[in-house]
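[1] what would the 3D arrangement of this be:
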Amino acid sequence: MLQMLPSCECCDRDLPPDSAEARICSFECTWCAPCAEQCLGGVCPNCGGSMVPRPPRASALLDTHPASTERVHQPGLHRGA
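    Prediction:
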């Protein structure tokens, strides 16, 4: 089951479990679409892997399988920082 971090690791933008803007790598590093595409060029700066859209979690499952509340914020990761 995906951890589903609640925010972008670069800009700290909120990314709720149903967000179509969330991007993840195979290690579940989490980014918003603008940071993933424009700042990071589609490559995770943590592991070098590619980023893909994170699938949404069905709202009916959030009670029994909630998303993570742990925020990971690493400002300055984008290219040119």
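[2] contact partners for C47?
    C47 is in contact with C25, S26, F27, C29, counting by CB atoms under 8 Å, 6 or more residues apart in numbering. The C-beta positions use only the backbone N, C-alpha and C, and glycine is treated the same way.
[3] now stretch 15-22: buried residues?
    Residues of stretch 15-22 classed as buried by neighbour count (16 or more other CB atoms under 10 Å): L15, P17, S19, E21, A22.
[4] W31 contacts C8, correct?
    Yes - W31 is within contact range of C8, at 5.2 Å (criterion: CB atoms under 8 Å).
[5] if you count surrounding residues, which of those two has more?
    The neighbour count for W31 versus C8, taken as other CB atoms under 10 Å, is higher for W31 (31 against 26).
[6] hmm, back to that, from the buried residues of stretch 15-22, which is closest to E70?
    L15 (12.6 Å; CB to CB).
[7] residues in contact with stretch 69-78?
    5-7, 9-12, 29-30, 35, 39-40, 45, 81.
[8] next: stretch 29-43.
    With CB under 8 Å, 6+ apart, stretch 29-43 has contacts from 4-5, 7-11, 13, 15, 21-24, 44, 46-47, 49-51, 54, 72, 77-79.
[9] if we can go back for a sec, in the buried residues of stretch 15-22, find the pair that's most separated.
    P17 and E21, at 11.9 Å, using CB to CB across these.
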